[in-house]
Structures are given as C-alpha cells and as structure tokens.
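1. Predicted model, plus sequence, below.
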Amino acid sequence: MNRKKAPSLSLRLAVMFALVTALLLGGIGFYLYLSLNKELTFRDDQALRGRLERMERLINGYDDLDALREKPQLYANMLGNTEHFFWVLGSAGQPLITVNPARLPVPRPAATGAIMLRNGGDETPYRLAEVSMQKDGRQLTLIAGRLLAEKQRMLARYRLQLLAALVAGTLIAFFLGGWVSRRGLAPVRRLARQVATIDSQRLSRRLSDGEQFRELAAMTDAFNQMLGRLERGFTHLSRFSEDLAHEIRTPLNNLMGQTQQALSQPREREAYQALLVSNQEEFERLSRMVNSMLFLARAEHHSALRRAATDVAQTVLQLCEYFDGMAEDHGVTLCPVARGQVFAEPDLLRTALANLVANALRYADKGSVITLSAIARQGGLAISVHNQGPLIPGEHLGRVFERFFRGDASRSQPGDSGGLGLAIVDSIMRRHQGRAEVANVDSGVCFTLWFPDAKVG
C-alpha cells in the first residue's frame, strides 16, 4: 500500500518564514507609501498657501487691480512652471487675473473666507487652495492650484519599486528560510537516524544527540523514558510468557502423563474414575488460571469504572461469612474490625479483598486470627488484611504482586490462583488510582489496599 508522501517540515518553515517576511515588508512598504503621499500633499499645500499669501500681499500693494493685470510678469514668475495655475475672481465669479497654462475650466469658488484646500478635476486631477479678500470694497477670490499628474506618476513608480522589493525580499526570505530550517533541523534528522536503529533487540539504547539543545532535550528525555518503559514492558512480557508457559506446562504434563499411563494397559473401572478425578483437578486449575488472565486483561484495558460509595464494613462482613467455612477448615478465625467508606466499584473491591483473604488463609498458622481493618491514612482509607504466619523474605517483598511469582513454589496448593491472585489485586488498585502494599508485621504478613479520597465512618 503506497502511503501519501508527507510534506517537508523544512519547506513548511521556509514558506511560513517567507509569508512572515512578505507581511512585514508589505506593512513597511504600505506605511512608507502613505507617509510619502502625506508628506508630498503637505508640501504642496504649504506651497499653495504661500502663493495665496504672496498674491494677497501683492494685490494689497497695488491701489488699482487693473494696474496689476497690466504687469502679468509679477505673478507669472511666482508660479514657476506649467503645472501651476492661478485665478483672481470677482464677486460674480468672473476671472479678473488668469494664469492657466493647462487651460483648465474656472473652478466655482467656495467663498468661505479662510484658506481652504480641496481636490478637483476628474479627468485632470489637481489640488486647489482658495481664499477670499476685500479690495477697494470689492469681494475677490484668490484660487491657486497645482496639477497632480506628475505626483501620481512619481507615486506609481514608487509603488512599483515597493512591489519589486516585496517580491525580491519574499523570495530571498523563502530560500534563506529553507536553508536555515534545513540546518536547524539537522539535529532532528540525526535523532531520527538514531531512532531508526532501535528495535525490540536493542531497547537498551538511548538517544543522546538532542541533549545539547533545550527544545530537543525535553523530547529526548521523554523518548528515553518511553524506551525505558518499553524495555521494562518487553522484559515483563518476556518473563510473563516464560512463566505462563511454565505454569500451563505443569498441569498439561500431569494430564498427558497420567492419561498415557492409564492407556498403557487395561485398568479397572475404579482406576479410570480416579484418573478422571485427578484430571478434573488439573482442568479446574487451568480454568482458574485462564479466568484470572482474562480478568487481568479486561481490568487493564477497560477504562470505565462504575464507582459508587461503598461501605467497607458491610463488604468485609460479607466476605467473612463467605470464607467462614474455609477458615474453620484451616483452623483460623476471621476478625472483621474494618469500617469506613470508599468510592470504588463494589465488585472489584470484593474481588481484591477476597484474593487477600484467600491468600491469608493459605499461609496463616493454625489457631491464629486473620484481622480485616481500616484506618485513615494520607488523605485516604487503608484497608488491611493481616495474618499470623511465615514472613515473606525481604528480597521477595517487591515482587509479590508480579504475575506468576511465588516466593516458595513448593507451597502451591490445589485451590490457589496460579500465581495471579495478587497481580489481580494490584491491577484493581491501579485502576482506582490507589496502591497495594505488603509488609511483614507482628510475626505475620499484612497486605494493605490504599484508596484515595475515602473516609472512616
């Protein structure tokens, strides 16, 4: 099956770097363009205001406006070039003095009195400045203007230059971003090559190249921790497989050996019946083992817990009633003194306590007392099952909750759980975010189940 080719992270970074550069350069270019346009407009307006003020002083300097019209060189020289124009309009809007090289139509005055700036012209855009004044009792309007064609051509060239700079800068940023990202991601590629060399036979290897960079150090540590968990998991699985094969092989060998011996020669009916009884015990042992393994698998992969407030005292009393006959057969007394309440799934709580009680019955001394108690501890409730009997060696205390572990295999009994009972207890407690503990206490062994967020009644 062909997998779709994944996009390159270096290319993605280069494109993002180019986009950021384009936005930055575009923003700067737009700001510069607006600033230039504003500055040019401001300068043009200042120049137009200055012309109006000079023409106003010039008109006020002559007694007769007709005398000023006869000397056009006085104000024509002030305008400087053909982009500028000027009108002096009478009270009726008729032109009295005209300097209009572009032959523009006479604009209609606004007659506001103060200097006013405005744009005009659709086909030939220009900028106007006008002011009203009194001369010899006559109302005059002075209008000065400038064509905007040259300014617009200059701004158009500036826009093209900005666009060219934007495109060039974006392309340069794209290629530089690709080069930088490839160089920057080189440690990641080295880590990938290291990871590619790790398989189930080399889980002891650890990554090292990423520790020199802060960002990769966290990922390297997390990956090394994951490798550690995988290594422990594979080791546990390998040991579990070996233990499972050993545990199943024993009853199978017994079944095959007894059956082969029975078939080797004719037997009496009673001999076959004894064989079937013995085989039944082995089948029951296998059945208990399979049921325990299924329970462990479902408990560890089932995330939903049907928790409820459970009365510990009532649960303990029910278990004591259930195991009362077995305790009497073993010559042991059950003493329930537990009280309190835990937030747990009732069936799983009973299963965990039942396995602990069954384990205590197997190893308790005859005539002793098995005590079931509960005390508040560390913000939770600790339910303990304590039996008088042989102590667990110190080197075995840390392994009693492992699957198929037996500190003394010679003490296996027909009714045991095949080495899975305490593993089931540990799995149940981990599902409840609690923990299972064991300790040698008062000439015996004490198993404790700690449930968080519980209370003593």
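-> It's in. Numbers count the residues shown, from 1 in each chain.

2. When you work out contacts or count neighbours from here on, use the C-alpha atoms and nothing else.
-> Noted.

3. Ala354 is in what secondary structure piece?
-> In the assignment (DSSP states H and E), Ala354 maps to helix 346-363.

4. got the buried residues for that helix?
-> Residues of helix 346-363 classed as buried by neighbour count (16 or more other C-alpha atoms under 10 Å): 346, 348-363.

5. contact partners of it?
-> 307-308, 310, 315-316, 319, 323, 326-327, 330, 332, 370, 385-387, 389-390, 413, 421-422, 424-425, 428, 447 (C-alpha atoms under 8 Å, 6 or more residues apart in numbering).

6. Show the pLDDT at Leu237.
-> With respect to pLDDT, Leu237 scores 69.

7. swap in Asn2?
-> So Asn2 comes in at 50 (pLDDT).

8. that older thread, chain center to the helix holding Ala354: distance?
-> Mean C-alpha position of helix 346-363 versus that of the full chain (C-alpha atoms, centre = their mean, to the nearest Å) differs by 41 Å.

9. Could you write out the alpha-carbon coordinates of it in CSV?
-> What follows is helix 346-363, C-alpha atoms only, in CSV (Å, rounded to 0.1, in the frame of the first residue of the first chain):
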residue,chain,number,x,y,z
PRO,A,346,-18.1,-2.7,44.6
ASP,A,347,-17.4,-5.9,42.6
LEU,A,348,-13.7,-5.1,42.1
LEU,A,349,-13.3,-4.1,45.8
ARG,A,350,-14.8,-7.5,46.8
THR,A,351,-12.6,-9.3,44.3
ALA,A,352,-9.4,-7.6,45.7
LEU,A,353,-10.3,-8.3,49.3
ALA,A,354,-11.4,-11.9,48.5
ASN,A,355,-8.0,-12.6,47.0
LEU,A,356,-6.2,-11.2,50.0
VAL,A,357,-8.4,-13.2,52.4
ALA,A,358,-7.8,-16.4,50.4
ASN,A,359,-4.1,-15.8,50.3
ALA,A,360,-4.1,-15.2,54.1
LEU,A,361,-6.0,-18.4,54.7
ARG,A,362,-3.4,-20.4,52.7
TYR,A,363,-0.5,-19.2,54.8
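
10. how much distance is there from the next helix or strand after that helix to the middle of the chain?
-> Downstream of helix 346-363, the next assigned helix or strand under DSSP H and E is strand 369-377. Counting by C-alpha atoms, centre = their mean, strand 369-377 is centred 44 Å from the centre of its parent chain.

11. so Asp63, which of the three states?
-> In terms of secondary structure, Asp63 is coil; the call rests on DSSP: H, G, I helix; E, B strand; the rest coil.

12. in what helix or strand does His386 lie?
-> Going by DSSP H and E, His386 is part of strand 380-388.

13. partners of that strand, with directions?
-> Using DSSP bridges, the strands paired with strand 380-388 are strand 369-377 (antiparallel), strand 444-452 (antiparallel).

14. Residues touching it, excluding its own?
-> The contact list for strand 380-388, computed with C-alpha under 8 Å, 6+ apart, reads 338, 340, 342, 356-357, 360-361, 363-365, 368-376, 442-456.

15. again, only using 7 Å
-> Strand 380-388 has contacts (C-alpha atoms under 7 Å, 6 or more residues apart in numbering) with 356-357, 360, 364-365, 368-376, 443-456.

16. Tell me which stretches of the protein form strands.
-> With DSSP state E as the criterion, the chain has strands at 84-89, 95-99, 116-120, 126-135, 138-147, 308-311, 333-336, 341-344, 369-377, 380-388, 435-440, 444-452.

17. which strands and helices sit next to the fourth one?
-> Read it as strand 126-135. Contact here means 3 or more C-alpha pairs under 7 Å, 6 or more residues apart in numbering; DSSP states H and E; on that basis strand 126-135 packs against strand 116-120, strand 138-147.

18. quick check: angle from that strand to strand 84-89?
-> Here strand 126-135 runs at an angle of 30 degrees relative to strand 84-89 (axes from the mean of the first three to the mean of the last three C-alpha atoms, to 10 degrees).

19. okay, the angle between strand 126-135 and strand 138-147?
-> Using the same axes, to 10 degrees: strand 126-135 against strand 138-147 is 160 degrees.

20. May I have the strands that pair with strand 126-135, each with its orientation?
-> Sheet pairing of strand 126-135 (DSSP bridges) gives strand 116-120 (antiparallel), strand 138-147 (antiparallel).

21. between the ones you listed, which has the poorest average model confidence?
-> Mean pLDDT per stretch puts strand 116-120 lowest among those, at a mean of 79.

22. So what's the gap between that one and the chain middle?
-> The mean C-alpha position of strand 116-120 is separated from the chain mean by 58 Å, C-alpha atoms, centre = their mean.

23. Okay, buried residues for it please.
-> Buried residues in strand 116-120, defined by neighbour count with 16+ other C-alpha under 10 Å: 116-117.

24. now stretch 432-452
-> Result for stretch 432-452 [16+ other C-alpha under 10 Å]: buried residues 432, 434-440, 444-452.

25. CA atoms only for it, dumped as PDB, please.
-> Provided in PDB are the C-alpha atoms of stretch 432-452 (Å, rounded to 0.1, in the frame of the first residue of the first chain):
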ATOM      1  CA  HIS A 432      -8.700   3.100  41.300                       C
ATOM      2  CA  GLN A 433      -5.600   5.300  41.400                       C
ATOM      3  CA  GLY A 434      -4.700   3.700  44.700                       C
ATOM      4  CA  ARG A 435      -2.000   1.200  45.500                       C
ATOM      5  CA  ALA A 436      -1.500  -2.300  47.000                       C
ATOM      6  CA  GLU A 437       1.200  -2.700  49.700                       C
ATOM      7  CA  VAL A 438       2.700  -5.600  51.700                       C
ATOM      8  CA  ALA A 439       4.900  -5.700  54.800                       C
ATOM      9  CA  ASN A 440       6.000  -8.200  57.500                       C
ATOM     10  CA  VAL A 441       4.200  -7.000  60.700                       C
ATOM     11  CA  ASP A 442       3.800  -8.600  64.100                       C
ATOM     12  CA  SER A 443       5.000 -12.100  63.300                       C
ATOM     13  CA  GLY A 444       3.000 -12.200  60.200                       C
ATOM     14  CA  VAL A 445       2.200 -10.600  56.800                       C
ATOM     15  CA  CYS A 446       0.000  -7.500  56.300                       C
ATOM     16  CA  PHE A 447      -1.500  -6.600  52.900                       C
ATOM     17  CA  THR A 448      -2.900  -3.100  52.600                       C
ATOM     18  CA  LEU A 449      -5.200  -1.500  50.000                       C
ATOM     19  CA  TRP A 450      -5.000   2.300  50.000                       C
ATOM     20  CA  PHE A 451      -7.900   4.100  48.400                       C
ATOM     21  CA  PRO A 452      -7.700   7.900  47.800                       C
END
